[in-house]
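In: Predicted model and sequence follow; I will ask about them next.
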Amino acid sequence: MLDNPRSPRVRAVAKLAKRSARSETGLFLLEGPQAVSEALTFRPELLVDLFATPTALERYPEIGSAAAEADLEVEYVTEHVLDAMADTVTPQGFVAVARQFPTSIREIFTGEPKLVAILEEVRDPGNAGTIIRAADSAGADAVVLTGRTVDLYNPKVVRSTTGSLFHVPVAVGADLSDVIGRAHSAGLQVLAADVKGEDLLAARRDGELARPTAWVFGNEARGLEDDLLALVDRVVTVPIYGRAESMNLATAASVCLYESAFAQRT
């Protein structure tokens, strides 16, 4: 059992909370039973190390069984060691180290995708992770994070996906104009969600939402710049019928993605 929170190995795991360490190693952190379980179920080959407290493994014996099937040894650690490794204040008994696995932009736009979410300069990790989760829930084919968006493997992004990171292909680092061009070449219309746009209901009435679509979601504070809006086919906004000053980006993105999902399945 690892019992020294200051050991070099524990420190090496903890460093993965920082982008510089993730970039240098090509690894990232997973925390909690949900994320670890999803990784073991869908992408077990990505897992490098798995750490757990004895109590946590007793509570989730299925994780131990899945790790054994993947030929991955579970290493026991004390609560103090797990606290030192984890990015969260109250980790839930499991920490894993996994290899990063972004999908290439070229691969995203082959195979006739019907629904893609594109994030441009989305800076809040919770928003980015929640949009990935919403895209997964809506049956999207892929998600693209442009170079100005928060790091996909930021621990808060990973936690916010609640495992969807292992379900839907995600590409990173591309320039938005290039992504829009590739989407058009693949036969997708490109819609932008922005406060400057027309009511989303207009696109619904026109029947446009049933077409293969790439949605672009911009920065939480500034939205999308005018030169980028000029590249898309239509700009729409999610209307606010109550007294709320604004709508959270991830919530608006979820509405847009589901509007397309409903229309494409009708």
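Out: Happy to help now that I have it. Source: prediction; values computed, not measured.
In: who's residue 192 bridged to?
Out: Beta bridges link residue 192 to residue 216, residue 235 when assigned by DSSP bridges.
In: so it touches residue 230, yeah?
Out: No - under the criterion of C-beta atoms under 8 Å, residue 192 makes no contact with residue 230, lying 10.0 Å away. Backbone N, C-alpha and C define where each C-beta goes, glycine included.
In: more neighbours, these two?
Out: Neighbour count, other C-beta atoms under 10 Å: between residue 192 and residue 230, residue 192 has more, with 26 against 9.
In: and the more buried one, what is it in contact with?
Out: When contacts are counted by C-beta atoms under 8 Å, 6 or more residues apart in numbering, residue 192 is found next to 215, 216, 218, 224, 228, 229, 232, 234, 235, 236.
In: If you count neighbours, what's buried in whichever helix in the chain runs longest?
Out: Taking DSSP state H as the assignment, the helix of the chain that covers the most residues is helix 249-265. Judged by neighbour count using 16 or more other C-beta atoms under 10 Å, the buried positions of helix 249-265 are 249-250, 252-257, 259-261, 263-264.
In: Take the residues you listed and lay them out in a markdown table including distance to residue 197.
Out: Shown next, in a markdown table, are those (distance: C-beta to C-beta, whole Å):
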| residue | distance to residue 197 |
| --- | --- |
| 249 | 14 |
| 250 | 18 |
| 252 | 11 |
| 253 | 14 |
| 254 | 17 |
| 255 | 13 |
| 256 | 11 |
| 257 | 16 |
| 259 | 13 |
| 260 | 15 |
| 261 | 19 |
| 263 | 17 |
| 264 | 20 |
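In: Pick the one among the residues you listed closest to residue 183.
Out: residue 260 (13.4 Å; C-beta to C-beta).
In: unless I'm mixing things up, the closest one is touching residue 215, no?
Out: Yes - contact criterion C-beta under 8 Å: residue 260 and residue 215 qualify, at 7.0 Å.
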